[in-house]
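>>> Show me the folded form of this:
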Amino acid sequence: MANALVSIQILPTTPNGESVIPFVDRAIEIIKASGVPYRVAPLETTMEGELSNLLQVVEKMNEAMTEMGCPSVISQVKIYFNPANGASMGRLLEKYPDGQ
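Got it, this is the predicted structure:
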């Protein structure tokens, strides 16, 4: 059972002032490759899993941005941690399965 939800909005400073979209796409590829359940939303992506594992994914995302030439990265992170009862996107979204 997952014990955390981590939402992240990654804001890389691109090397030459280009669009951040390819950089954000790379960050989402890293989440996908991690195998954790996730949900992409317009302003952030939420992951579900063990907190320590999710924080490692966040670290890999930031490292990938610098590997792509970004001189700096801002990551806005929200954490919901519930070790006693677990954390689930599905449970928190039961009333709004379609996001509405």
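
>>> ranges for the strands of the protein?
4-13, 38-40, 45-49, 72-81 (DSSP state E).

>>> tell me the mean pLDDT for the third one?
Just to be clear, that refers to strand 45-49. For strand 45-49, mean pLDDT rounds to 98.

>>> just stretch 72-79 next, same as before
Averaged across stretch 72-79, pLDDT comes to 98.

>>> Going forward, the N-terminal residue is numbered 52.
Got it, first residue is 52 now, which makes that one stretch 123-130.

>>> what's the spacing between that stretch and its chain's center?
Offset of stretch 123-130 from its chain centre (C-alpha atoms, centre = their mean, to the nearest Å): 9 Å.

>>> Not counting its own residues, what contacts it?
Residues outside stretch 123-130 that contact it (C-beta atoms under 8 Å, 6 or more residues apart in numbering) are 55-64, 95, 102, 109, 112-113, 116-117. To be clear about C-beta, it is placed using only N, CA and C from the backbone, and glycine gets the same treatment.
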